[in-house]
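In: I would like to see how this sequence folds:
(one chain, ligands or ions: 1)
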Amino acid sequence: MADDSIVQRVAELRRELHYHNHRYYVMDDPVISDFDYDMLLQELRTIEEEHPELVTPDSPTHRIGGDPAEGFVQVEHRHTMLSLGNAFDDESLEAWYRRVRNLLDDADFSMTCELKIDGLAVSLVYEDGVFVQGATRGNGFVGENVTQNLRTIRSIPLVLQGDPPPYLEVRGEVYMPVESFRRLNEERAERGEQLFANPRNSGAGTIRQLDPKVTASRNMQIWAYSLGDAGDVPGLPDHWEALEWLKSLGFRINPNNRLCYTVEEVKDYYREFVERRHGLPYEVDGVVVKVNPFNYQSSLGVVGREPRWAVAYKFPAERAVTRLLEIGIN
Ligand SMILES: NC(=O)c1c(N)nc(OC2CCCC2)nc1O[C@@H]1CCC[C@@H]1O
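Out: Purely as a prediction, here's the structure:
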């Protein structure tokens, strides 16, 4: 049985490694060298090998899980994962805005504008601050349990910082960065294998791999974009505060999110990213506009599976050839 000093050292190493993992993979701002990080990880691995009774599932040494799964177990989402209605031009965005204002008796309200990441929506469940279950969106009600694969994504925290509630669900979009997609296709071309059509397909395929080692070998990332349900965390007045709070817990929140107070500001944000979208290291297919205050979200409610309080303002479609040339495939 390990003596107290070993148990203390293991707890200290885990705290340090989760912190440095957060600095490197979530903040992209490491404070120690890769070498020093690896030394800490190796020290923990050595102790865990000598004292297997100390190993815990949330240990930073266990990001790349066990054996390949036979298939995926289904998971029912505690709160339905909603879809988004689309707007394709300023008129339909303004029509959405007017409908919302009418339903809110002409109240003023702020809106969050977020880039619509072109990836795979996932649900992350944490109990007592520890990552316990990850699932794909599926049909919105039932998804696939892909916990082992999501654990390999370094920007998904295994242990939360701050003071999380006993149960917390967070939603995010998992994606393959464009550069990783290009490199993956280069390797596949060299091996004469079939190429992936785009980062979204290769990302979706990677998350639905049966073998977590394959997922771990591809540089998948996540942007967290909402709570599972605003009701899970009483005391947060609106979505913008919820995103700030999620960031304080250790989630990776997109720095381009913007709080807007008028539909003109929303249009400015949209036009800014029509220009900037191809300079981003990940694919986006529009802007998600959300009514910010939670009380307004709940009074607006949901129609079918689409919230009245959100809309996806899509970027104009592009000629596929131009796109392939732009990301360097010709
Ligand atoms: N893809 C995204 O970046 C994104 C986002 N930034 N924010 C949301 O908010 C949800 C919450 C209520 C309805 C949509 N959804 C997103 O993606 C959705 C998930 C399922 C279908 C879309 O991909």
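In: for the rest of this, base every contact and every neighbour count on C-alpha atoms.
Out: Noted.
In: which SS state does S5 fall under?
Out: When classified by DSSP: H, G, I helix; E, B strand; the rest coil, S5 comes out as helix.
In: and H62, what pLDDT?
Out: Looking at H62, its pLDDT is 88.
In: and G250, how many residues sit next to it?
Out: 22 (other CA atoms under 10 Å).
In: who in the stretch 101-250 of the chain is up against the ligand?
Out: Within the stretch 101-250 of the chain, the positions lying close to the ligand (CA under 6 Å from any ligand atom) are E114, L115, K116, I117, D118, A121, E173, Y225.
In: what about the strands in the chain?
Out: In the chain, strands defined by DSSP state E lie at 74-76, 86-87, 111-117, 120-127, 130-136, 142-144, 167-175, 221-227, 258-260, 284-291, 302-303, 306-307, 310-314, listed in chain order.
In: need those strands in TSV with distance to D28, can you?
Out: Formatted as TSV, the strands of the chain follow (distance: least, CA to CA, whole Å):
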stretch	distance to D28
strand 74-76	32
strand 86-87	32
strand 111-117	19
strand 120-127	21
strand 130-136	21
strand 142-144	30
strand 167-175	17
strand 221-227	12
strand 258-260	20
strand 284-291	20
strand 302-303	36
strand 306-307	33
strand 310-314	28
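In: for those, which one sits closest to R191?
Out: Set against R191 and scored by CA to CA, those come closest in strand 167-175, at 23.7 Å.
In: could you measure from R137 over to N198?
Out: With distances taken as CA to CA, to the nearest Å, R137 is found 20 Å from N198.
In: which one of those two has more residues nearby?
Out: Remark: of R137 and N198, R137 carries more neighbours, 24 against 17, as counted by other CA under 10 Å.
In: now that one. Nearest residue, chain neighbours left out?
Out: G143 (5.0 Å; CA to CA, 6 or more residues apart in numbering).
In: D29 is in contact with R23, correct?
Out: Yes: at 5.3 Å, R23 counts as touching D29 under the criterion of CA atoms under 8 Å.
In: neighbour count: those two, which is higher?
Out: Comparing R23 with D29 by other CA under 10 Å, the one with more neighbours is R23, at 17 against 12.
In: could the strands of the chain go into a markdown table alongside mean neighbour count and mean pLDDT?
Out: As requested, the strands of the chain are arranged in a markdown table below (neighbours: other CA atoms under 10 Å; pLDDT from 0 to 100):
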| stretch | mean neighbour count | mean pLDDT |
| --- | --- | --- |
| strand 74-76 | 16 | 96 |
| strand 86-87 | 19 | 97 |
| strand 111-117 | 23 | 98 |
| strand 120-127 | 22 | 98 |
| strand 130-136 | 22 | 97 |
| strand 142-144 | 19 | 96 |
| strand 167-175 | 21 | 98 |
| strand 221-227 | 22 | 98 |
| strand 258-260 | 19 | 98 |
| strand 284-291 | 23 | 98 |
| strand 302-303 | 12 | 96 |
| strand 306-307 | 17 | 98 |
| strand 310-314 | 23 | 98 |
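In: great, nothing more from me.
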